[in-house]
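>>> Requesting a structural model of the entry that follows:
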Amino acid sequence: MTAVAETSAFTSRTGGSRQLAGTGALLRLALRRDRVMLPVWVLIVAGIVLAMPGSLEQTYGTGAERAEAMRSMNANSSMRALYSPVFGDSIGALSAWRIGVYAAILAAVMSLIVVVRHTREEEETGRQEMISAAMVGRRAPLTAALLAAFVANAAVALLVAGGMAGQGAAGALALGLGVAGTGMLFATMAAIVAQLTESARLAKGLTAGILGAAYVLKAAGDAGTEDGSSVLTWLSPLGWLENIRAYAGERWWVLLLIGAAVVAQGAVAYNLAGRRDVGMSFLPTRPGPAKGRIATAGGLAWRLQRGSVLGWTLGFLVSGVVFGGMAEGAADIVGDNENTRDIIERMGGQSGLTDAFLATMVGMLGMIASLYVVASVLRLHGEETSQRAEPVLANAVGRLRWAGGHLVIAFGGALLLMLVGGLGLALGYGKDLGPIMGACLVQVAAIWALGGLAVLLVGAFPGAAVGAWAVAGVCLAIGWIGPALDLPQVAMDVSPFGHLPKLPGGGMAWAPVAVLVAVAAALVAAGLAGLRRRDLIS
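Numbers count the residues shown, from 1 in each chain. Got it, this is the predicted structure:
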């Protein structure tokens, strides 16, 4: 038995208090490290919920309009799949229907990032081994990570419950606890995955994949039933959230189901954490010889990112088909409600309603693709901080060649996603392949601009590289809720997507597209120049 294993065995036999020694100090460290990221996430998650009642009051001003909206939404299987069934016609119930699931998804993403960052990522970079040399218990890092996630989700619950109390205290509390509970459920899920995998990136990817599967299950179940009673819906934690039925006869016992799942998953994570050595995993990375295409820098980049590219591509194809299938019924969804028509036209341009709806869906795909390009570019930063870049660059591989392999995957992958998403839209809609594909290609200019910013941060300002996520999140929020809130054009222009022509249906404008491509190229060049001149992070 090795010395590390002997130490681990001794630690596992000691008392529970010793296993948690140093938890408070690690929690303070985690909150200090995330003092910018966590408040931004919390404000985004809570903000999109609190902004919804005002928007809905403008859209559905009377009880009759809300009742008709509820009837039409529940009668449309595509809308039920995209959001969820509507269980009440009050402003609070419509707010929970419109944004509840998506707020929970954002809370889940926030939680998995926090937990993996302070567990597996610390081990991967070697910092955890140094910390463990002090008076730190074996399960203290995991406990501190889960407590940090709890603090963030508790803040979300307080803001949502307090901000929505005007629509009804019981419904506000149920919605806030549901969103926060879903976040904690995926926090404990990420804690389990972090014990199984040897890579922080893989841990995040697998947990995000489980989150995506949960959404697919919920969507499939809701498409088949109007009351959320499908078995598929109940198999999804996101389905549990909708079945809390905030503002529509709250089912408090569903919160107990979420709480039980959090406790059970937490217990599994703690058990696994006590049975492995620091830096090890239950599913170790499979070694393999560097031969064939993997012997090149580009081949290595593809090997590292191919799973991500394939997963995103499949997701865009499915999403495109679903969105395209909804386009033909856009007029039926909107009905005679002029406010809803105005929101869709503000998002998709002043054209025919079907074209405006398609343009809206194209814009949504573009904004989501920007998350891919940021994640892919930041893989460079991850390779550098984990010290895996040093052995590669110690060979006959220059920095530009090493970075170029990852950037080809990032920018080329974004182009591929929009092509596949456009193909899915055309297949779902059943026509207009050319115009839809052209509209998707136009989005690439804005996506590349955000990718270029990420390259600049990684290359010239590596300490602020994580800020690329904040910029992408702000652009997503502006494009998502800006039209519903009727934000002024100055605010909409903060996002590069606000400068693009609204296609299909609108007129093509080449100037903003060319400017955005030029900006992207300049940012990439500046980032690569910075990468060549600075020292590697060690």
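
>>> In terms of secondary structure, what does the helix or strand hosting residue 370 contact?
Using DSSP states H and E, the element containing residue 370 is helix 353-385. Contact here means 3 or more CB pairs under 8 Å, 6 or more residues apart in numbering; DSSP states H and E; on that basis helix 353-385 packs against helix 200-224, helix 297-327, helix 330-334, helix 338-348, helix 389-393, helix 399-429, helix 433-460, helix 467-485. Glycine gets a C-beta too; all of them are placed from N, C-alpha and C.

>>> pLDDT of the first one, averaged?
Right, helix 200-224. Averaged across helix 200-224, pLDDT comes to 82.

>>> Repeat that for the second one.
Computed over helix 297-327, the mean pLDDT rounds to 82.

>>> That one to helix 433-460, inter-axis angle?
Interaxial angle, helix 297-327 versus helix 433-460 (axes from the mean of the first three to the mean of the last three CA atoms, to 10 degrees): 140 degrees.

>>> who's in contact with residue 457?
464, 465, 467, 468, 527 (CB atoms under 8 Å, 6 or more residues apart in numbering).

>>> Need those in TSV (columns: distance to residue 256).
Output for the contacts of residue 457, formatted as TSV (distance: CB to CB, whole Å):
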residue	distance to residue 256
464	42
465	41
467	39
468	39
527	49
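
>>> Now the buried members of those.
In the contacts of residue 457, burial by neighbour count holds for 465, 467, 468, 527, counting by 16 or more other CB atoms under 10 Å.

>>> Any chance of TSV for those, columns distance to residue 181 and pLDDT?
Putting these into TSV (distance: CB to CB, whole Å; pLDDT from 0 to 100) gives the following:
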residue	distance to residue 181	pLDDT
465	31	87
467	29	83
468	29	87
527	40	94
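
>>> May I ask which two of those are separated the most?
Using CB to CB, the pair of the buried ones among the contacts of residue 457 lying farthest apart is 467 and 527, separated by 13.2 Å.

>>> what secondary structure does the residue nearest in space to the middle of the chain sit in?
By CA atoms, centre = their mean, the chain has its centre lying nearest to residue 109, at 5.2 Å. Here residue 109 is recorded as helix under DSSP: H, G, I helix; E, B strand; the rest coil.

>>> From residue 119, how far out is it?
Residue 109 sits 16 Å away from residue 119, taking CB to CB, to the nearest Å as the criterion.

>>> again with residue 56
Distance from residue 56 to residue 119, by CB to CB: 39 Å.

>>> about what we covered before: out of the contacts of residue 457, the closest to residue 243 would be?
residue 468 (36.1 Å).

>>> What sits closest to that closest one if chain neighbours are left out?
Spatial nearest neighbour of residue 468, chain neighbours left out: residue 454 (3.9 Å); criterion: CB to CB, 6 or more residues apart in numbering.

>>> Show the contacting residues for the one you found.
373, 374, 377, 378, 465, 468.

>>> how about a cut-off of 7 Å?
If you count contacts by CB atoms under 7 Å, 6 or more residues apart in numbering, residue 454 has them with 374, 377, 378, 468.

>>> Report the buried members of the residues you listed.
374, 377, 378, 468.

>>> shaky segments in the stretch 1-150 of the chain?
1-17, 78, 133-134 (pLDDT under 70).

>>> low-scoring stretches of the stretch 251-400 of the chain, by residue?
For the stretch 251-400 of the chain, applying pLDDT under 70 flags the ranges 277-295, 328-353.

>>> Hmm, residue 355 and residue 507 touching each other?
No. Using CB atoms under 7 Å, residue 507 makes no contact with residue 355, being 11.8 Å away.

>>> Between those two, which has more neighbouring residues?
Between residue 507 and residue 355, residue 355 has the larger neighbour count (other CB atoms under 10 Å), namely 24 against 9.

>>> That one - nearest residue in space that isn't next to it in sequence?
Nearest to residue 355 is residue 505, by CB to CB, 6+ apart, at 2.8 Å.

>>> Repeat that for residue 144.
Looking at residue 144 with CB to CB, 6+ apart, the closest residue is residue 26, at 3.6 Å.

>>> which ones are touching the one you found?
For residue 26, the contacting residues are 140, 141, 144, by CB under 7 Å, 6+ apart.

>>> cool, and residue 220?
Per CB under 7 Å, 6+ apart, neighbours of residue 220: residue 232.

>>> ok, now with 10 Å
81, 230, 232, 233, 235, 236 (CB atoms under 10 Å, 6 or more residues apart in numbering).

>>> quick one: which of those sit in helices?
Using DSSP state H, the subset of the contacts of residue 220 located in helices is 81, 232, 233.

>>> For residue 162, state which of these is nearest.
Distances from residue 162 to those, taken by CB to CB, are shortest for residue 233, at 29.0 Å.

>>> Common neighbours of residue 467 and residue 527, please.
Shared contacts of residue 467 and residue 527 (CB under 10 Å, 6+ apart): 453, 454, 457, 461.

>>> Lowest-confidence one in those residues?
Per-residue pLDDT puts residue 461 lowest of those, at 91.

>>> where's it relative to residue 523, distance?
12 Å.

>>> same question, residue 130
According to CB to CB, residue 130 and residue 523 sit 35 Å apart.

>>> before we move on, back to that, out of residue 461 and residue 523, which sits in the busier spot?
Neighbour totals were compared for residue 461 and residue 523, and residue 523 leads with 22 against 13 (other CB under 10 Å).

>>> Leaving out the residues flanking it, which one is nearest to that one?
Spatial nearest neighbour of residue 523, chain neighbours left out: residue 452 (3.1 Å); criterion: CB to CB, 6+ apart.

>>> Neighbours of the one you found, how many?
27.

>>> Please look at it and residue 460 and confirm they touch.
No. Residue 452 is not in contact with residue 460 according to CB atoms under 10 Å; the separation is 11.9 Å.

>>> what do these two both touch?
523, 526, 527.

>>> Name the nearest of those relative to residue 251.
Among these, and counting by CB to CB, the member closest to residue 251 is residue 523, at 49.1 Å.

>>> which strands and helices sit next to the strand or helix carrying the closest one?
Assigned by DSSP H and E, residue 523 falls within helix 510-533. Secondary-structure packing of helix 510-533 (3 or more CB pairs under 10 Å, 6 or more residues apart in numbering; DSSP states H and E): helix 353-385, helix 399-429, helix 433-460.

>>> Please tell me how far it is from the chain's geometric centre.
Taking CA atoms, centre = their mean, to the nearest Å, the mean C-alpha location of helix 510-533 is offset from the chain mean by 25 Å.

>>> Let me know the angle separating it from helix 353-385.
Using the same axes, to 10 degrees: helix 510-533 against helix 353-385 is 10 degrees.

>>> can you count the residues close to residue 263?
12.

>>> Include distance to residue 243 when you put the helices and strands packed on helix 510-533 into JSON lines, please.
Converted to JSON lines, the helices and strands packed on helix 510-533 look like this (distance: least, CB to CB, whole Å):
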{"stretch": "helix 353-385", "distance to residue 243": "26"}
{"stretch": "helix 399-429", "distance to residue 243": "28"}
{"stretch": "helix 433-460", "distance to residue 243": "35"}
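
>>> Can you check which of the ones you listed gets nearest to residue 72?
Nearest of the helices and strands packed on helix 510-533 (CB to CB): helix 353-385, 14.5 Å.

>>> Next, the nearest residue to residue 462 once chain neighbours are set aside: secondary structure please.
Distance criterion CB to CB, 6+ apart; nearest residue to residue 462, sequence neighbours excluded, is residue 537 at 5.8 Å. Secondary structure state of residue 537, per three-state DSSP, is coil.

>>> what about residue 537, distance to residue 177?
As judged by CB to CB, residue 537 and residue 177 stand 40 Å apart.

>>> If you count surrounding residues, which of these two has more?
Neighbour totals were compared for residue 537 and residue 177, and residue 177 leads with 24 against 15 (other CB under 10 Å).
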